[in-house]
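Chemist: Pasting the sequence and the predicted coordinates here, then a few questions.
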Amino acid sequence: MGIQYLAQGYWGIVSLGLIFAIYYYLEDKYFQLTVKWARDTENPPSPDLGKYDDIVTPIYKILRFRGNELKALKHLSHSVLSAAQALPAAAITLDRNFHIEWCNGLAEKMLGLSYEQDKGYNIFNLVRLPEFIEYAQNGDWSDSFVTHMESDGQFRCLKFDLNQYSEEGILMLCQDITQLEKLRTTQQDFVANVSHEIRTPLTVLIGFLETLQDLPPEAVSPEQRKQYETLMHEQAQRMMAIVADLLTLSTLESTQASNGQKLVLAQLIESAGQQAHSLSKGKHKFIFDIDDKLAINAQQTEISSAISNLMTNAVRYTPADGTITVSWHKDDKGNAVFSVKDTGLGISKQDIPRITERFYRVDKSRSRASGGTGLGLAITKHIIIRHNAKLVIDSEINKGSTFSIIFPPDSIINEPDTRSSKKLAVHA
C-alpha cells in the first residue's frame, strides 16, 4: 500500500510538472510572438497571442490609424511643397524675426539664395535695401513694395509682398514684373504718341477751318482757298492712314494666323517695287537680285504688306541719289531671306532694339517729312512673328541699313534644282 501511494504521488508530481512545463512553453511562445511583433509593428501581429491579444490588438489598431494619418500628412506636405515650388513667384517663409526657414527654387534663382547655406540667416542680410527693411519692419503690408535691382548686369523690377500666416510665421513673395512695367510704359508711350500724331493734323485742319470761317469770302482768293483745301485733304489723309494702320495692328495682335498658301515672292516684290519707284520719283537707284522660283508657305496679304513696308521705308529714309538693293534668295543654312539694303543715314546701335516699337522715331525732326505713320515696322514685326520668321536689322550711321526677313527652311515649299534669278539695276 505504501508503495502504491508513493507511486501515485510520484505520477501526480510528474503530471503537475508536465502541466507547468506546457503552460510555460505556451506562455513563452506567446511572449516571443508578442516581442517579435513589437519589433516590426508595420505588419499585423500573429492571430493568436493568448492573453496578450487584449493588449496587442488595440495597440495595433491605433498604430495603423496613426500610420494612415501620417501618410496622408506626408502626401499633403509633399503636395504643398510641390505647389510652392511651382509658384510663378519667389516664396520664402520667415520667422517673426525675419530669419529664413524655407524657400523655393525660384527664390534661389531670383534673389541669389542658397537654402542649405542661408537657412537661419536674416533676410535683411540678403535683401539689403533700406526701403525694404523699413517696409518689412513697419508691419503695414497692405501695399506691395516695388523696387529696381541689378542682377547679372540687368536691371529688374521686383515686387515684394509680406503676409502673416501664423503667430510665428511670415510668408514673403517676390515677383519679377520687369516685363509688366515695360508693357505699362509702352502703353503709356503709345497713348501719348497716338495723341501727338493725331493732334498735329487736327491742329492744321482746325486752323484752316477757323481761318475760312473768320475771314469774309472775298478775303480769300480762289488760289488760297484751293491751297487750304489741298493741305486739309493731305492732313485728313494722314489721319486716315494712321487709323488704318492702327486697325491693322490691332487685327494682327488679336487674331490667329490663318493658313498660308504657296507664294512666289518674286511677284509680290515686283508689285512692291513699282510702288517704291512711284514713291521715289526718280531720286533713287534700285537693284533687284531675285530668285524667281523660290516660294514659301505664307499669307499673301500680310507678306505683301511687310515687303512693301520695308521697301517704302528704304525710299523714305534714303537721301536722293542713294541706292536701294532688294534681294530674295536662300542662304547657306537653307533659310529663305528677303532683304532690303539702303545707303541712307543709318540707325544707331541703341535705337535698333526699339525701332519696331509703335511710333518710335529715330530722328524726330524728319518724322513727318518722311510721310510715314510710324507704325510700318511694328506691323511688319507682328507679321513676321505670325509666320515663325525673324527680322534682323543691321545698320551703321552714315552708311545705311539692311532689313532682312529670314524664313526658316520648313516654310520653303519647293527647292529648284538650279537657281534662276533676276538681276536688274534701274533708275526710277
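Modeler: Looks like it came in fine.

Chemist: measure the residue sitting nearest the centre point of the chain to residue 185 for me?
Modeler: Compute the mean C-alpha point of the chain, and by C-alpha atoms, centre = their mean the closest residue is residue 179, 8.0 Å away. Remark: distance between residue 179 and residue 185 (C-beta to C-beta, to the nearest Å) = 11 Å. Glycine gets a C-beta too; all of them are placed from N, C-alpha and C.

Chemist: the helices in the stretch 51-200 of the chain, which residues?
Modeler: Per DSSP state H, counting those that start in this stretch, the stretch 51-200 of the chain carries helices over the ranges 53-85, 105-111, 115-118, 130-138, 178-214.

Chemist: got JSON lines for the ones you listed, with mean pLDDT too?
Modeler: Output for those, formatted as JSON lines (pLDDT from 0 to 100):
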{"stretch": "helix 53-85", "mean pLDDT": "75"}
{"stretch": "helix 105-111", "mean pLDDT": "83"}
{"stretch": "helix 115-118", "mean pLDDT": "84"}
{"stretch": "helix 130-138", "mean pLDDT": "90"}
{"stretch": "helix 178-214", "mean pLDDT": "79"}
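
Chemist: TSV please, covering those and showing distance to residue 293.
Modeler: As requested, those are exported to TSV (distance: least, C-beta to C-beta, whole Å):
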stretch	distance to residue 293
helix 53-85	53
helix 105-111	49
helix 115-118	60
helix 130-138	63
helix 178-214	41
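
Chemist: winner for burial among these?
Modeler: The highest average neighbour count among the helices of the stretch 51-200 of the chain, using mean count of other C-beta atoms under 10 Å, belongs to helix 105-111 at a mean of 18.

Chemist: Can you give the distance of that helix from its chain's centre?
Modeler: 17 Å (C-alpha atoms, centre = their mean, to the nearest Å).

Chemist: repeat for stretch 50-67
Modeler: With C-alpha atoms, centre = their mean, you get 57 Å for stretch 50-67.

Chemist: now residue 283: how far from residue 339?
Modeler: For residue 283 relative to residue 339 (C-beta to C-beta), the value is 21 Å.

Chemist: what about these two, which has more around it?
Modeler: Set residue 283 next to residue 339 and count neighbours by other C-beta atoms under 10 Å: residue 339 wins out with 19 against 14.

Chemist: so is that one in a helix, a strand, or just coil?
Modeler: With DSSP: H, G, I helix; E, B strand; the rest coil as the basis, residue 339 sits in strand.

Chemist: so what's the nearest residue to it once chain neighbours are set aside bridging to?
Modeler: Excluding the flanking residues, the one nearest residue 339 by C-beta to C-beta, 6 or more residues apart in numbering is residue 404, at 4.1 Å. Assessed by DSSP bridges, residue 404 has beta-bridge partners residue 339, residue 392.

Chemist: so how many other residues sit close to residue 404?
Modeler: 19.

Chemist: correct me, but it touches residue 336?
Modeler: No - contact criterion C-beta atoms under 8 Å: residue 404 and residue 336 do not qualify, at 10.7 Å.

Chemist: Reduced to three states, what does residue 296 come out as?
Modeler: strand.

Chemist: what sits against it?
Modeler: By C-beta atoms under 8 Å, 6 or more residues apart in numbering, residue 296 lies in contact with 260, 262, 263, 265, 336, 407, 411, 412, 413.

Chemist: Narrow these to those in helices?
Modeler: residue 265 (DSSP state H).

Chemist: just the contacts of residue 296: which has the poorest pLDDT?
Modeler: Across the contacts of residue 296, the bottom pLDDT score, 73, is held by residue 260.

Chemist: is it true that that residue touches residue 302?
Modeler: No - judged on C-beta under 8 Å, residue 260 makes no contact with residue 302 at a distance of 9.0 Å.

Chemist: Now the common contact residues for these two.
Modeler: Common neighbours of residue 260 and residue 302, using C-beta under 8 Å, 6+ apart, are residue 387.

Chemist: more crowded one of the two?
Modeler: Taking other C-beta under 10 Å, residue 260 and residue 302 do not tie; residue 302 has more neighbours (21 against 17).

Chemist: Let me see the contact set for the closest residue to the more buried one other than its chain neighbours.
Modeler: Distances taken as C-beta to C-beta, 6+ apart place residue 383 nearest to residue 302, at 4.5 Å, with adjacent residues excluded. Residues in contact with residue 383, defined by C-beta under 8 Å, 6+ apart, are 252, 302, 303, 305, 306.

Chemist: From residue 43, how far out is the second one?
Modeler: Distance, residue 302 to residue 43, using C-beta to C-beta: 70 Å.

Chemist: Sheet partners, orientation included, of the strand ranked longest in the chain?
Modeler: In the chain, with assignment by DSSP state E, the single longest strand is strand 154-164. Here strand 154-164 has these sheet partners by DSSP bridges: strand 145-151 (antiparallel), strand 169-176 (antiparallel).

Chemist: any chance of those in CSV, with distance to residue 132 too?
Modeler: Formatted as CSV, the strands paired with strand 154-164 follow (distance: least, C-beta to C-beta, whole Å):
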stretch, distance to residue 132
strand 145-151, 6
strand 169-176, 10
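
Chemist: worst average pLDDT in these?
Modeler: Among these, strand 145-151 scores lowest, with a mean of 80.

Chemist: pull the CA atoms of it into CSV?
Modeler: Extracted C-alpha coordinates of strand 145-151, given in CSV (Å, rounded to 0.1, in the frame of the first residue of the first chain):
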residue,chain,number,x,y,z
PHE,A,145,6.9,97.1,-52.1
VAL,A,146,8.3,97.7,-55.6
THR,A,147,12.0,98.3,-56.3
HIS,A,148,14.6,98.1,-59.1
MET,A,149,17.5,95.8,-58.6
GLU,A,150,20.5,94.9,-60.7
SER,A,151,21.1,91.3,-61.4
